[in-house]
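1. Turn this into a model:
(one chain, ligands or ions: 2)
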Amino acid sequence: MERVSTALGMPTVLPPGRPVGARPDGLADQFGRRATDLRLSLTDKCNLRCSYCMPADGLAWLKRERLLSADEIARLVRIGVDELGVRELRLTGGEPLVRADLVDIVARLRAAHPDLPISLTTNGVGLAGKAKALAEAGLTRLNVSMDTLHPGTFAELTRRPFLDQVLAGIEAADAAGLRPLKINAVLMRGVNDAHAAELLGWCLDRGHELRFIEQMPLDADHGWTRDGMVTAAETRALLGSDFALSADPRERDGAPAERFEVRRHGSPVLLGTVGIIASVTEPFCADCRRTRITAEGKVMSCLFSRTEVDLLGLLRSGAADSDVAARWRAAMWAKPKAHGMGHPGLGDADFVQPDRSMSAIGG
Ligand code: SAM
Ligand code: SF4
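-> Ligands and ions are numbered 1, 2, ... in the order given. So this is what the prediction gives:
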């Protein structure tokens, strides 16, 4: 029998006669989950330097030839959809808008997969000039990351003075029909946490869906601390100054965000919803449906995985689609049960921060 060890130090025995990588049932893992949501990173490059993600001086960028080409991206998505049960695609990075062939990539994926939901996560810098072309190319949806509406705080957090460009990008995306827009925000204590309710009010007024993401230990500087992060519970309390939140009755259905209906205190009028992604304090690993591929073609079964499985070398060696699919399946079969932070009874003892920063994984 074959043994596979997981991040939580619990070796699991695989059934005999079923070698890893020979499973017909999509991207299944040994804990009964199946990944159907592909997060594909298009580049490790970025034009911002968010303190929770990248170091001030940036990182050494990958050479162009080490990145997945448009052809390789199209092939991997086809294998994912046709052979492995991928049902949803999100393009991310680094900053995907810095990739010159982004609109072509979206158009090509749309032509090959007319019904596949294709979304993009972007920091919004340069989006104003590309939103219309992305919508016309067939993009389904956009997430724009914006942590504050205050130019000084934005510049402090991202180390770049580009808030106006992000706001213009959001407006252009809305005008291009890429609705509903989702806005992602990470709260940092003493920096932008006091702006949480204001940001929610701004999003509600415009019909955008705001999602707060707990800061995860994926910063290149390794400066994250559990005490320093703003928790989901604190975020709910911060929003409570202006708004009454109640659990959204809709089924969560594997979504990372816990959604809340938002009203003014004492008012029955529903203003909209807000999502809170509590990856650290209220982990949702048991329902995870994600599989990730980095910009250099490595499968990561989890954001916090310290194991990467190379597909690019295989693609370039002339391997058949079935070989690529088998290696992708094997990588996902070994997905750890949980990331090791915040699980009842486990504490953080099993958690080791990955070497890669969020920008180099693809959030
Ligand atoms: N550059 C694009 C952007 O910022 O939207 C796409 C890539 S970025 C890595 C994807 C998302 O990850 C962003 O919403 C960002 O705020 C979030 N993110 C980055 N580092 C994070 C961290 N350490 N903890 C939580 N979220 C993080
Ligand atoms: Fe760039 Fe996005 Fe990371 Fe900010 S969060 S540094 S925009 S990759």
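2. residues from the chain in reach of ligand 2?
-> Neighbours of ligand 2 within the chain, by CB under 6 Å from any ligand atom: 46, 48-50, 53-54, 93-95, 123, 145, 358-359. All C-beta spots, glycine's among them, are computed from the backbone N, C-alpha and C.
3. Could you dump those into a markdown table with secondary structure, neighbour count and distance to residue 303 added?
-> A markdown table is the format used below for the residues of the chain next to ligand 2 (DSSP: H, G, I helix; E, B strand; the rest coil; neighbours: other CB atoms under 10 Å; distance: CB to CB, whole Å):
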| residue | secondary structure | neighbour count | distance to residue 303 |
| --- | --- | --- | --- |
| 46 | coil | 26 | 17 |
| 48 | coil | 19 | 19 |
| 49 | coil | 18 | 20 |
| 50 | coil | 20 | 16 |
| 53 | coil | 25 | 12 |
| 54 | coil | 23 | 16 |
| 93 | coil | 28 | 14 |
| 94 | coil | 30 | 15 |
| 95 | coil | 23 | 18 |
| 123 | coil | 27 | 18 |
| 145 | strand | 22 | 16 |
| 358 | helix | 23 | 8 |
| 359 | helix | 28 | 12 |
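4. host element of the closest residue to residue 239 other than its chain neighbours?
-> In space, not counting the residues next to it along the chain, residue 239 is nearest to residue 197; the distance is 5.4 Å by CB to CB, 6 or more residues apart in numbering. Following DSSP states H and E, one finds residue 197 within helix 196-206.
5. Skip ahead from that helix and say which helix or strand is next.
-> As assigned by DSSP H and E, the chain's next helix or strand after helix 196-206 is strand 209-213.
6. What is that following strand packed up against?
-> The contact analysis (3 or more CB pairs under 8 Å, 6 or more residues apart in numbering; DSSP states H and E) places strand 209-213 against strand 182-185, helix 196-206, strand 272-277.
7. Write down the beta-bridge partners of residue 141, one by one.
-> Per DSSP bridges, the residues bridged to residue 141 are residue 119.
8. so where's the stretch 251-363 of the chain shaky on pLDDT?
-> Residue ranges of the stretch 251-363 of the chain with pLDDT under 70: 342-352, 354.
9. Now do the helices in it.
-> 312-316, 321-333, 358-361 (DSSP state H, counting those that start in this stretch).
10. Out of the ones you listed, which is the most enclosed?
-> Neighbour counts (mean count of other CB atoms under 10 Å) averaged over each of the helices of the stretch 251-363 of the chain peak at helix 358-361, with a mean of 26.
11. That helix vs ligand 1: in contact?
-> Yes. Residues of helix 358-361 are located near ligand 1 by CB under 6 Å from any ligand atom, namely 358, 359.
12. So what's the gap between that helix and the chain middle?
-> Computed by CA atoms, centre = their mean, to the nearest Å, the separation of helix 358-361 from the middle of its chain amounts to 10 Å.
13. what do you get for stretch 296-307?
-> Here the centre of stretch 296-307 is set off from its chain's centre by 13 Å, with CA atoms, centre = their mean.
14. If we go by neighbour counts, what in that stretch is buried?
-> 296, 297, 298, 299, 300, 301, 302, 303, 304, 305 (16 or more other CB atoms under 10 Å).
15. and the second one, what is it in contact with?
-> Contacts for residue 297 were tallied using CB atoms under 8 Å, 6 or more residues apart in numbering; they are 68, 72, 76, 310, 311, 312, 313, 315.
16. Name the nearest residue to it, sequence neighbours excluded.
-> residue 312 (2.9 Å).
17. thinking the one you found is in contact with residue 299, fair?
-> No. Taking CB atoms under 8 Å as the definition, residue 312 is not a contact partner of residue 299, at 10.2 Å.
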